[in-house]
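> Fold the following for me, if possible:
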Amino acid sequence: MQPADATAGAAQPAPTEPTAAASRAAVARAAARPDTAWAELGFFLLFPGFFAYQTLLGLGLIRAYLGGYFAAVSLLLLPAMLLTYWRRLHRARHQLPRVDAALLAFLAYFGAMVACHAPGANPAITAHHALALLYLFNLFVIFSTLDCTSRRFRLTQYASLAAMSCVVFAYAVDGAFYLAALGEARDPDSVATYQGFSRSYLLPLAAVLATTRQAPLRWGWYALGAATLYVNTARSEFGALLFLVPLIELHAARHRAATAAAFAALALLMPRLLAPLLAAVPGNRTLELLDLSHSSSANMRHQLTLNALRTLGEHPILGDYGSYPVGLYSHNILSAWVDLGLFGFAALLALLLYPLLQMGLHTWAVGGRDGRGPAFLLAWSLLGMTVLLLCLSHFFSDMLIGAALGAYARYRAGADHA
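Numbers count the residues shown, from 1 in each chain. Okay, here's the model as predicted:
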């Protein structure tokens with residue numbers, strides 16, 4: 001062994017390729033830390049922050065200083081999100097990833113349609129679509145930058161989810177949580193519906209589930225999340241969480257065939273387990289999922305879908321932008337065809353189905369080793385959940401699209417191997 005002074009004066013060998021790659025990765029991570037902090041702040045403000053604001057508003061503890069909150073905070077976050085995205089492109093030497101290019105092209109087309117039809121469209125519909133463009137972009141930047149595996153982020157979300165569940169259970173009346181019904185709000189028109197509260201709960205929960213490797217803890221989050229969304233009476237989001245369970249567990253399992261068999265057996269036993277399960281929970285509108293024929297909401301959505309099909313029969317290529325009364329759009333992906341035409345509808349389908357197909361083939365057919373990584377699981381679960389909700393109940397400009405594609409962009413950037 002040479003003495004220290006001898007080795008210090010000797011010429012050092014050139015770093016090996018793995019060492020150089022690791023050094024470049026460390027530099028990239030250090031450069032990305034400010035952007036990750038902005039993404040964490042944006043995520044916290046838009047989801048747990050929205051829940052906290054609406055809770056205080058519903059209990060009459062504050063006035064609606066920020067209106068409904070989400071639009072105002074999204075606008076305030078936009079400069080930070082634009083800077084974050086520019087810095088990300090700068091680190092990539094302004095090489096635009098394909099998923100970014102595809103989403104930005106869709107947003108440009110969507111924006112052009114809004115601008116072209118604005119003079120003759122209902123201003124409320126135009127404003128709704130303009131805000132949707134903002135939400136889609138902001139959430140794409142947040143989820144493409146966010147490090148969901150960081151200890152700080154996970155601990156923050158653990159505390160946020162626990163606090164949100166406590167609020168839902170504490171202020172539920174007759175098994176249902178709806179703050180507007182308490183009559184305490186000083187600005188009741190600004191209090192969110194169950195959909196706003198459930199969205200603010202579901203996305204943090206999905207992020208936590210994708211990054212929780214311990215199966216018992218993950219199943220604990222499933223149980224808490226299902227109970228919270230059930231009491232919140234959010235049928236779509238409750239169903240989406242149930243859909244996430246096999247979606248995540250099949251990819252997290254070491255023995256996927258055995259896990260799939262267990263889920264199949266559970267599905268067969270469910271009719272026998274349902275009666276004692278229903279007897280143990282309070283009744284509310286979530287139980288309408290068992291028989292949608294008795295759901296006034298489901299019947300209305302079916303009628304709106306028929307209206308959309310009638311519109312598409314008359315305008316099959318270009319659609320008929322804003323041809324419905326405010327709020328009475330088709331609550332599924334057909335709304336894209338109505339407002340954006342056949343091209344916009346096809347583009348949205350491609351945006352969502354191509355990533356799902358790519359990830360599915362990579363994991364199942366090719367046997368990719370990163371199929372159990374947190375970045376993969378988050379992208380996979382958000383994409384699957386988004387497609388499900390777009391098929392059943394959500395509008396084509398749902399902000400989940402931006403979140404899902406942002407998570408997919410981060411996965412494609414190799415976050416699982418960082």
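
> distance of the nearest residue to G283 once chain neighbours are set aside from N307?
Leaving aside its sequence neighbours, G283 sits nearest to G175 (CB to CB, 6 or more residues apart in numbering; 6.2 Å). Just so you know, the C-beta spots here come from the backbone N, C-alpha and C atoms, and that holds for glycine as well. Distance from G175 to N307, counting by CB to CB, to the nearest Å: 33 Å.

> higher neighbour count, these two?
More crowded of G175 and N307, by other CB atoms under 10 Å: N307, with 18 against 15.

> tell me which element that one is part of?
N307 belongs to helix 296-314 when elements are defined using DSSP states H and E.

> Can you name every helix or strand that the next helix or strand after that helix contacts?
Using DSSP H and E, the helix or strand that follows helix 296-314 towards the C-terminus is helix 334-360. For helix 334-360, the elements it packs on are helix 98-117, helix 296-314, helix 374-392, helix 400-412, judged by 3 or more CB pairs under 8 Å, 6 or more residues apart in numbering; DSSP states H and E.

> Now find how far off-centre stretch 39-52 is within its chain.
13 Å (CA atoms, centre = their mean, to the nearest Å).

> how about that stretch: buried residues?
For stretch 39-52, a neighbour-count test (16 or more other CB atoms under 10 Å) marks 39-40, 42-52 as buried.

> swap in stretch 297-313?
298, 301, 304, 307-308, 311-312.

> pLDDT weak spots in the stretch 201-350 of the chain?
Within the stretch 201-350 of the chain, the stretches with pLDDT under 70 are 271, 274-275, 277-281.

> rerun at 80
Flagging of the stretch 201-350 of the chain using pLDDT under 80 yields the residue ranges 252-257, 269-296.

> check contacts around the closest residue to G68 other than its chain neighbours.
Closest residue to G68 apart from its sequence neighbours, by CB to CB, 6+ apart: S190 at 5.2 Å. Listed by CB atoms under 8 Å, 6 or more residues apart in numbering, the contact partners of S190 are 57, 64, 67-68.

> where exactly do the helices run in the stretch 101-250 of the chain?
In the stretch 101-250 of the chain, helices defined by DSSP state H, counting those that start in this stretch lie at 123-145, 151-170, 194-211, 215-231, 235-252, listed in chain order.

> which parts of the fourth one are buried?
Read it as helix 215-231. For helix 215-231, burial by neighbour count (16+ other CB under 10 Å) applies to 218, 221-222, 224-226, 228-231.

> Distance from stretch 53-67 to the middle of the chain?
Distance, stretch centre to chain centre, for stretch 53-67: 24 Å (CA atoms, centre = their mean).

> quick check: mean pLDDT across that stretch?
Stretch 53-67 shows a mean pLDDT of 93.

> who's in contact with it?
Contacts to stretch 53-67, defined as CB under 8 Å, 6+ apart, come from residues 69, 72-73, 167, 171, 179-180, 182, 184-187, 189-192, 196-197, 200.

> Show me just the buried residues among the residues you listed.
With burial judged by 16+ other CB under 10 Å, the buried subset of the contacts of stretch 53-67 is 69, 73, 167, 171, 179-180, 185, 190-192, 196-197, 200.

> Using pLDDT, spot the least trustworthy of those residues.
Out of the buried ones among the contacts of stretch 53-67, that is A180, at 85.

> What sits closest to that residue if chain neighbours are left out?
V191 (4.4 Å).

> hang on, isn't that neighbour packed against A185?
Yes: V191 lies in contact with A185 (CB atoms under 8 Å); the separation is 5.0 Å.

> re earlier: next step: the contacts of stretch 53-67 restricted to strands.
Secondary structure from DSSP state E places none of these in strands.

> Pull the residues that contact stretch 134-141.
39, 42, 46, 70-71, 74-75, 77-78, 81, 84-85, 103, 107, 397, 399-403, 405-406, 409.

> I'd like to know which of those are buried.
Buried among the contacts of stretch 134-141 by 16+ other CB under 10 Å: 39, 42, 46, 70, 74, 77, 81, 84-85, 103, 107, 397, 399-403, 405-406, 409.

> could I get the buried residues of stretch 297-313 as CSV with distance to C148?
Shown next, in CSV, are the buried residues of stretch 297-313 (distance: CB to CB, whole Å):
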residue, distance to C148
A298, 34
R301, 32
L304, 35
N307, 39
A308, 36
T311, 40
L312, 39
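
> Closest one of those to T386?
Checking the buried residues of stretch 297-313 against T386 with CB to CB, the nearest one is R301 at 17.7 Å.
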